[in-house]
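> Build me a structure from this.
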Amino acid sequence: ALKEEQLTADREKQAAVQRQINSKLSEIETLESNLTKLTAELGSLESRINDKVQIKSSLENELKNLGGIDSIQKAIALNDVEKDIINLEKQKQQALISLNQDEISKAGLDIEKYNLEKELLETASDKARLDEGIKVAEQVIASNQPKTTSFNQTLSQLNNDISEVNQKGIDLQDKLVKAQDNLVAQKEAEEVIRQVKMAHKENPEQSIGVVTFNAPQQSLILDLMEANIPTLLRDPALFFVKNIENVQGDERDLIIFSTAYAKDNSGKLQLRFGSLNQVGGEHRLNVAVTRAKRRIIMITSIKSYDLQADQTKNLGPKLFRDYLEYVENLTSKKELAKEAPVNKHSAEWYLKSRMISEFEIDQRYQLKEALPFVDISVLDTQKNRYSGLIRTDDDLYFDAPSIKDIYVY
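I've put the predicted structure just below:
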């Protein structure tokens with residue numbers, strides 16, 4: 001039921017919210033102007049106070065060496081200077097009070113503006129989904145319109161296969177689900193809260209850290225945490241929410257990532273990764289992915305193949321793409337091993353080959369040279385999985401540049 005009335009109501013709501021945002025912007029600009037003036041006034045007062053203090057110090061030094069009428073005149077002048085300093089200090093205190101009040105007011109307006117912009121984004125997103133739904137629905141309807149032959153007092157209806165219509169209905173739903181909107185961050189944040197609740201319920205003693213890839217996402221998750229699980233926020237040793245720029249030095253049992261990146265309405269992913277794009281961004285990523293003591297949960301709205309990172313100048317986006325691919329492979333239980341090195345000598349030269357051939361035959365466990373990243377893997381035939389890995393010094397022995405390197409170093 002995609003009605004024009006709903007679109008009209010959305011547009012009116014957007015316009016009303018935009019007017020409120022413009023009003024807040026005007027108030028913020030006024031306050032910022034006042035703050036600039038007050039800051040300048042404080043600087044001027046500070047300078048005048050310093051000048052008066054220097055004059056006072058000079059008069060006090062002169063009074064030590066004077067007597068008679070001269071000393072009386074200097075004392076009067078000193079008294080006047082002290083009064084000036086007191087008055088200037090009062091003015092400074094009043095200016096500081098005004099400055100603090102304006103800063104508090106501006107902070108409140110900034111919060112109101114943020115909430116209004118969030119409301120506007122949600123409304124815009126609803127409208128975008130509605131527009132997309134109407135557009136796709138019209139395409140489906142048009143493609144399923146009965147086709148006719150030339151009119152000869154009878155109509156011949158073609159291509160009215162119900163299964164085809166149903167299939168196109170599935171396509172419509174798929175397009176509606178995949179339609180880009182501006183609520184990716186909100187959805188990811190809600191999923192973060194869900195994961196935190198589950199993890200805390202499973203093990204209340206485990207420490208949890210949430211790492212976001214930008215500050216707005218950090219703020220959004222903190223707001224949702226305050227609304228849903230405020231008790232966790234009271235214990236910083238048990239829980240934190242930080243962005244990738246300030247998480248260094250903090251470790252937790254479980255780390256949950258929220259990337260908040262997504263494709264735009266045209267299906268393109270803009271490579272705007274903030275600090276990851278900058279020189280040294282790879283170091284921030286390295287720090288972030290090593291904060292977990294036990295496990296990591298990655299919450300993201302993109303796939304590694306969405307990241308055309310080869311065109312980026314710095315290393316951060318490329319490593320982020322590779323890390324996403326690593327997570328995807330782990331999730332899908334794909335093998336992550338690289339190509340095995342080629343043996344340089346015949347098999348009987350290698351310790352690993354002799355161990356496998358001389359291993360006592362066991363009904364359950366078998367030694368195999370199956371995985372390229374380790375010399376010997378222990379296969380549990382009952383569970384049909386590898387239960388152990390064995391490394392030998394074969395590589396060190398045969399790759400050593402000299403006998404001395406093998407037996408001495």
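> Show me which positions of stretch 237-247 end up buried.
Residues of stretch 237-247 classed as buried by neighbour count (16 or more other CB atoms under 10 Å): 238-245, 247. All C-beta atoms are positioned from the backbone trio N, CA, C, and that covers glycine.
> typo on my end, it should be stretch 307-325
Within stretch 307-325, the residues scored as buried using 16+ other CB under 10 Å are 307, 309, 312, 314-321, 323-325.
> what's the answer for stretch 374-393, then?
Buried residues in stretch 374-393 (16+ other CB under 10 Å): 374-379, 392.
> export those residues to TSV and tack on pLDDT and distance to residue 291?
As requested, the buried residues of stretch 374-393 are exported to TSV (pLDDT from 0 to 100; distance: CB to CB, whole Å):
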residue	pLDDT	distance to residue 291
374	77	27
375	80	32
376	85	33
377	86	30
378	86	32
379	86	34
392	84	34
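> In those residues, find the pair that's most separated.
Farthest-apart pair in the buried residues of stretch 374-393 is 379 and 392; separation 17.3 Å (CB to CB).
> Now do the contacts for the residue nearest the centre of the chain.
Centroid check for the chain by CA atoms, centre = their mean gives residue 213 as the closest residue, at 2.2 Å. Counting by CB atoms under 8 Å, 6 or more residues apart in numbering, residue 213 makes contact with 243-244, 257-261, 273-274, 276.
> as a whole number, average confidence for stretch 226-242?
Stretch 226-242 comes out with an average pLDDT of 89.
> first vs last residue of it, how far apart are they?
One end of stretch 226-242 sits 15 Å from the other (CA to CA, to the nearest Å).
> hmm, who's touching it?
With CB under 8 Å, 6+ apart, stretch 226-242 has contacts from 193, 196-197, 200, 207-212, 218, 221-222, 225, 250, 252.
> What remains of these if I keep only buried residues?
Applying 16+ other CB under 10 Å to those flags 193, 196, 200, 207-212, 218, 221-222, 225, 252 as buried.
> Residue 87: how many residues sit nearby?
12 (other CB atoms under 10 Å).
> go on, residue 223?
By the criterion of other CB under 10 Å, residue 223 has 15 neighbours.
> any idea which helix or strand comes after the helix or strand of the chain with the lowest mean pLDDT?
Least confident helix or strand of the chain, by mean pLDDT, DSSP states H and E, is helix 162-178 with a mean of 36. Using DSSP states H and E, the helix or strand that directly follows helix 162-178 along the chain is helix 184-202.
> for that following helix, what is the average pLDDT?
Helix 184-202 shows a mean pLDDT of 90.
> Tell me the strands beside the helix or strand that that helix is followed by, with direction?
As assigned by DSSP H and E, the chain's next helix or strand after helix 184-202 is strand 208-212. Here strand 208-212 has these sheet partners by DSSP bridges: strand 239-243 (parallel), strand 252-258 (parallel).
> now the angle between helix 184-202 and strand 208-212, please.
Interaxial angle of strand 208-212 relative to helix 184-202 (axes from the mean of the first three to the mean of the last three CA atoms, to 10 degrees): 170 degrees.
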